[in-house]
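Engineer: Structure of the sequence below:
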Amino acid sequence: MKPVNDSAFAMWRCLVAFAYIDGKFTDEEKELLESHFENVAFNPKQRKIINNDFETGEVKFDEIYPLVTNKQDRMNLINIGRVLFYSDGEFSWQERDAMDKLLSDYIDGMDKDAVLYEAKEQLPDEELSKIHKNSDNPIKGIVDYIDDFLSS
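Structural biologist: Numbering: from 1, shown residues only. Here you go, the predicted structure:
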């Protein structure tokens with residue numbers, strides 16, 4: 001396993017913060033995080049910090065999130081965060097706010113022309129027209145379409 005860089009470490013800490021964001025740290029959330037942590041090569045200092053975060057829940061998403069600087073780490077945070085948020089069967093308003101922030105930041109960093117070109121190449125015309133009708137922002141419409149598709 002390769003060492004965990006600062007951006008990836010911040011991503012893992014954000015995921016711990018997500019588990020506590022709604023005021024409940026469920027068994028499902030704990031199991032999910034533990035299963036991921038088994039495959040991460042934290043160094044001893046990182047392991048100590050992440051274990052403390054895990055035990056105390058004192059890590060704050062808003063403080064750690066700016067340290068997730070790598071685009072792939074942000075995408076992993078969205079993907080794993082979504083699974084974590086749904087793992088307890090509830091999607092609280094706190095979790096929704098955090099996910100909205102992640103998606104908004106991710107969309108803002110996209111090459112919008114490339115995304116629209118790819119969508120036009122990949123999606124049927126019927127789906128593209130739904131995206132354009134349902135959103136003032138076509139990129140957000142595409143993300144909403146993908147989110148609906150993955151949630152169904």
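Engineer: helix/strand/coil for the residue nearest in space to the middle of the chain?
Structural biologist: Closest to where the C-alpha atoms of the chain average out (CA atoms, centre = their mean) is residue 78, at 1.6 Å. Under DSSP: H, G, I helix; E, B strand; the rest coil, residue 78 falls in the helix class.
Engineer: which residue ranges form the helices in the chain?
Structural biologist: If DSSP state H is used as the criterion, the helices of the chain fall at 6-20, 27-37, 44-56, 61-64, 71-86, 93-108, 112-122, 125-133, 138-151.
Engineer: Which positions within the first one qualify as buried?
Structural biologist: Looking back up the chat, that one is helix 6-20. Buried positions in helix 6-20, judged by neighbour count with 16 or more other CB atoms under 10 Å: 7-20. All C-beta atoms are positioned from the backbone trio N, CA, C, and that covers glycine.
Engineer: Quick check: residue 66 vs residue 105, distance?
Structural biologist: 10 Å (CB to CB, to the nearest Å).
Engineer: The two: which has the busier surroundings?
Structural biologist: Remark: of residue 66 and residue 105, residue 105 carries more neighbours, 15 against 9, as counted by other CB atoms under 10 Å.
Engineer: Need the pLDDT of that one.
Structural biologist: Per-residue confidence (pLDDT) for residue 105: 74.
Engineer: List the residues that contact it.
Structural biologist: residue 74 (CB atoms under 8 Å, 6 or more residues apart in numbering).
Engineer: Pass me the low-pLDDT residue ranges in the chain, would you?
Structural biologist: 106-120, 122-124, 128, 130-140, 142-143, 145-152 (pLDDT under 70).
Engineer: quick one on the thing from earlier: ok, the buried residues of helix 6-20 vs residue 1, which is closest?
Structural biologist: Nearest to residue 1, judged by CB to CB, of these is residue 8 at 11.4 Å.
Engineer: give me every residue that touches the nearest residue to that closest one once chain neighbours are set aside.
Structural biologist: Nearest residue to residue 8 in three dimensions, chain neighbours excluded: residue 73, at 5.3 Å (CB to CB, 6 or more residues apart in numbering). When contacts are counted by CB under 8 Å, 6+ apart, residue 73 touches 7-8, 10-11.
Engineer: what separates stretch 17-32 from the chain centre, distance-wise?
Structural biologist: Put simply, stretch 17-32 sits 14 Å off its chain's centre (CA atoms, centre = their mean, to the nearest Å).
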